[in-house]
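A.B. asks: Give me the fold of what follows.
(2 chains)
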Amino acid sequence: MRRPLLFLAIARAILEAVIFASVAAVLHRVAAGREPLSIASAALLCFGAALVLIALLRDARAERQNVLLTVSVVGGTVVLAVLQPTANADGLAVLTRIIGFAILGEAFVWRILSVARSITRWSDARGSAVLASIALGVAAVVPGLDGGPLPVLALLAVAGAGLALSLARSTEELDMAGRTGRGTASGRTAAGAAFVIGALAVLAALFSPALRALAATAGHVVGPLLAQIVYWVALPFGYLAAFLVPLLQPLAGLLFGREVRAVGPEDTIREQLMVEALEQTRPLVFGAIELLIAMLAVAFGIILIDRLTREHRSALPEGATLDREYASGASLRETLGALLPRRPVRRARPRDDGSTAAAVRLLYWRFLDLAERAGGGWRAIAETPGEHWARLRRTDHRWAAARPIVEAFERVRYGEEDPAPQIVEGARLAYRELASRRD
Amino acid sequence: MNQRPVGAFPGLAVVVLVVTAAVTRAPAIIVAAAGAVVAWAVVFVTGRLALVGVEATVELDPVRLQAGETLTAVVTVVNRKPIPLPWLDLRLALPDGVEAAGVAPGSPRQHVGAGFAPRGHERAVLRFPLLAPQRGAYAIGPLRMRAGDWLGFSWVERTIVADAQAVVYPAPIALRDRHRPSLRPIAETAVRRGLLPDPLRFRGVRDHRVGDPRKEIHWKASARLRDLQTKIYEPATSLDAIFLLNVASYEQFWVQADPEATEVVISATAELARIAAEAGRQVGLVTNGLDNLTHERPRSALGRGPRPLRRTLDILARLGPYAAASAEAVFLRERGRLPWGATLIVVTPRLGPELASACVSLRRSGHRVLALSITPPLPMVSGQLRQHDITLDDLGPSRWREVS
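C.D. replies: Alright, predicted model coming up:
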């Protein structure tokens, strides 16, 4: 499995894990679960299982093992459901629970099979993203669930969706280009890396309580040490601030006209009131800040991941070659400037002072206007009148009739001479002829 | 030609997510809504900028080649912006007569395509090997470029008119038809016989024939031998060779010519012109065929060197299967523009009485005439040509012999 496909498999596995962990948490709650199901552990388990299955099912030799895999996954799901503690569950409730989780396991296998068989299909990735957001939404609003890890899962789902959509589209397009271009198809065997990552995730999910305890112990040991390090790093800055503030206070008073005053009891009361007001508006303020942070994090994540995992292969026909090299170009600011709407270019009409040269300039301006309206375009900056005229003639030979105008203008523009009246008249006749044809 | 992006991000779903997040204030939904908003922005920006700053040019190498040879289409794509593209699909349209080299049976031949992911500030040069099995003038393109936003919701397409043309000269006739021997003997015949007698280079005398000019009678020799003798001279040193090419296969010139016969006469003319040019002769071309691009009857003035030969071969490459007029009318109309003493080589699919009469008229105008025909002429026509000292050769596939 190539690196982009490995990333794609991981992203799709994240999405499926979010979907099925959320649904499993809701199902567990509905089917007489005593304590809320740990969504983080469930998601980790689903992620690992999904990755292992994707790695296995992408192998064409696994066709005959589909039944075995299905039975194993469904059986495992049922066993896990039964092992979870329930509250006052009678036989019917247990049966409901078993049937519910068996259906969930079967749905999981069905989804993973479709993922493995069409991992590069962009529409499938989009469907998974939509399904994940719906599942997360349901899990977020159902009461009594383990809602703590849900924001993290949501962030993972967003990142996974972005990665899956981006990679699926590029892989799909390059595959199609390769097909039309008769390029060589890449190898599509089961990947050891995907299998190993998935297996590790499953193990981590199964031993999540022990891992959590290990992390807590490590936190107890490492936490004070880190705090001491931060303290020693920050201490010099504290002394510096204590030294600078008394020095700068008079200067600030001189500049801004404020007197330095001591903090009195009224100020303390006022600050207390302000803190209470802040507390009242805290959810709203924190919501906006969180939103901004999340947006930045997601934007950064998408750009980073996209940069890291972009498809670098190319689909070329037999015998074709591709050479890459650096090319200078526009800056990011100039590129983004292309998003802004452009104002239509206003062409300054030449001033008519009554001379024959001005008449020729005016006629040439009208000719350019005619050419632009006809689709031939205005003369480019780097184009001579002759080159522009030749370009027009290549598109339509009838522009050949503009010769008197162009030649007269070249004499005026480059020869800096006032043309004879008959030349102006010839140019005028040519313009009339061109204008009448356009009408 | 730029087009607006096709496809769009599902904005309604984003609005629903944001409203849900605002109502429920659930952190998970807030994060999901924020992610959707960012994704929307990413799709909008990268979709609009997908082909901004992307330039492409198409060049061909070589631009002049012989039928059956390969050429290379060099497509240069420059991404001048710092933002990379996740994918770029290129498709270069090929005209009939040019195809991708090494195409497997059943594969499309009307275009070559490639896909890759250009990085920011990158120039990518793609080289596609092409094959030109048929003669002609071919305009390659247009080039279609397609790219999309980073998340794949929309794509934008641009079509670039590639100003790349290739002229494929007719293949040497020996290559076209292995049963047809080389034309060199004919060319040498044309060289040897296609020269007018030079009155300054006296060679000898022969018996007088009816029709010989009276001024050419060698009176002293006639008196000594007691029979009229006519002076004969060494050939003149003119090396001019003008090819008169008839593309019409039938008496009715407006009927589309037989393609096989047209190709044979064009290939034969091209090879003869090459041989003549290599021998240092001036070459020119007059034809009643029509140019496939300009739809006008082309003409190549007599000249020496690579340029006239190239002009002649260009004309031959672009000739279509239709005639503008009958061959005899065109050749006789051109008679006044032909330099005196030039060897005229008439190459035609068939040699009817009208064209034979035109050849005789040209012969009488002071030209040496050599006629090459695919179909053997009628005996009456052959006799007429032989009578006027016009060399006739056969271009037929089964034999290669000098008739007169």
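A.B. asks: buried set for stretch B:27-42?
C.D. replies: B:27-40, B:42 (16 or more other CB atoms under 10 Å in any protein chain shown). Placement of C-beta: from N, CA and C, glycine included.
A.B. asks: which among those residues gets closest to residue B:65?
C.D. replies: Among those, residue B:42 lies closest to residue B:65 (CB to CB), at 47.1 Å.
A.B. asks: And the pLDDT at that closest one?
C.D. replies: Looking at residue B:42, its pLDDT stands at 86.
A.B. asks: what about residue A:44, distance to residue A:198?
C.D. replies: Distance, residue A:44 to residue A:198, by CB to CB, to the nearest Å: 11 Å.
A.B. asks: my bad, residue B:204
C.D. replies: 103 Å.
A.B. asks: Residue A:435 too?
C.D. replies: Distance of residue A:435 to residue A:198, given as CB to CB: 74 Å.
A.B. asks: doesn't residue A:339 fall inside a helix?
C.D. replies: No - Residue A:339 is assigned coil when assessed by DSSP: H, G, I helix; E, B strand; the rest coil, not a helix.
A.B. asks: So residue A:36: helix, strand or coil?
C.D. replies: Three-state assignment for residue A:36 (three-state DSSP): coil.
A.B. asks: so who does it touch?
C.D. replies: By CB atoms under 8 Å, 6 or more residues apart in numbering or on different chains, residue A:36 lies in contact with A:25, A:28-29, A:144-146.
A.B. asks: Going along the chain, name the helices of the stretch 201-350 of chain A.
C.D. replies: A:208-256, A:265-309, A:332-337 (DSSP state H, counting those that start in this stretch).
A.B. asks: Which of those helices comes out lowest on mean pLDDT?
C.D. replies: Among the helices of the stretch 201-350 of chain A, helix A:265-309 scores lowest, with a mean of 65.
A.B. asks: Tell me if I am right that residue B:345 is in a strand.
C.D. replies: Yes - using three-state DSSP, the assignment for residue B:345 is a strand.
A.B. asks: Domains in the chain, by residue range?
C.D. replies: As the question left the chain open, I've gone with chain A. A:3-214, A:356-438 (automatic domain parsing).
A.B. asks: nope, chain B please
C.D. replies: According to automatic domain parsing, chain B comprises the domains B:11-48, B:54-169, B:173-195+B:236-394, B:205-234.
A.B. asks: now these in CSV, with distance to residue A:88?
C.D. replies: Putting the domains of chain B into CSV (distance: least, CB to CB, whole Å) gives the following:
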stretch, distance to residue A:88
domain B:11-48, 29
domain B:54-169, 48
domain B:173-195+B:236-394, 90
domain B:205-234, 129
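A.B. asks: lowest-confidence stretch among these?
C.D. replies: domain B:173-195+B:236-394 (a mean of 81).
A.B. asks: close to chain A, is it?
C.D. replies: No - for domain B:173-195+B:236-394, no contact with chain A is found by CB under 8 Å from any CB of the partner chain; the gap never falls below 10.2 Å.
A.B. asks: Span of that domain from start to end?
C.D. replies: 14 Å (CA to CA, to the nearest Å).
A.B. asks: do the same with stretch A:75-95
C.D. replies: Using CA to CA, one end of stretch A:75-95 lies 14 Å from the other.
A.B. asks: likewise stretch B:373-393?
C.D. replies: Using CA to CA, the distance between the terminal residues of stretch B:373-393 is 6 Å.
A.B. asks: Neighbour count: residue B:204 and residue A:198, which is higher?
C.D. replies: residue A:198 (24 against 12; other CB atoms under 10 Å in any protein chain shown).
A.B. asks: what's near enough to touch that one?
C.D. replies: Neighbouring residues of residue A:198 by CB under 8 Å, 6+ apart: A:13, A:47-55.
A.B. asks: how does it look with 10 Å?
C.D. replies: A:9-10, A:13, A:47-56, A:191 (CB atoms under 10 Å, 6 or more residues apart in numbering or on different chains).
A.B. asks: Just say helix, strand or coil for it.
C.D. replies: Here residue A:198 is helix, with the state taken from three-state DSSP.
A.B. asks: Find the nearest non-adjacent residue to it, please.
C.D. replies: Nearest-residue entry for residue A:198: residue A:51, 2.9 Å, with adjacent residues in sequence omitted and distances by CB to CB, 6 or more residues apart in numbering or on different chains.
A.B. asks: Considering only helices and strands, which part of chain A has the lowest mean pLDDT?
C.D. replies: The least trusted helix or strand in chain A, going by mean pLDDT, DSSP states H and E, turns out to be helix A:265-309, with a mean of 65.
A.B. asks: just for the stretch 51-200 of chain A, where's the confidence low?
C.D. replies: In the predicted model, the stretch 51-200 of chain A carries pLDDT under 70 at residues A:59-65, A:89, A:178-191, A:193.
A.B. asks: Can you name the residues bridging to residue B:168?
C.D. replies: On the basis of DSSP bridges, residue B:168 is bridged to residue B:65, residue B:136.
A.B. asks: For chain A, what is the nearest residue in the stretch 201-350 of chain B?
C.D. replies: residue B:294 (10.2 Å; CB to the nearest CB).
A.B. asks: Could you double-check that that residue lies in contact with residue B:318?
C.D. replies: Yes - taking contacts as CB atoms under 10 Å, residue B:294 lies within contact range of residue B:318: 8.1 Å.
A.B. asks: how close does residue B:140 get to residue B:128?
C.D. replies: 10 Å.
A.B. asks: scratch that, residue A:12 is what I was asking about
C.D. replies: Distance from residue A:12 to residue B:128, by CB to CB: 35 Å.
A.B. asks: OK, contacts around the residue nearest to residue A:198?
C.D. replies: A:6, A:9-10, A:12-14, A:16-17, A:112, A:191, A:193-202.
A.B. asks: Do a quick rundown of the helices in the stretch 151-300 of chain B.
C.D. replies: Assigned by DSSP H, counting those that start in this stretch, the stretch 151-300 of chain B shows helices spanning B:173-176, B:184-193, B:219-225, B:259-278.
A.B. asks: All set, thanks.
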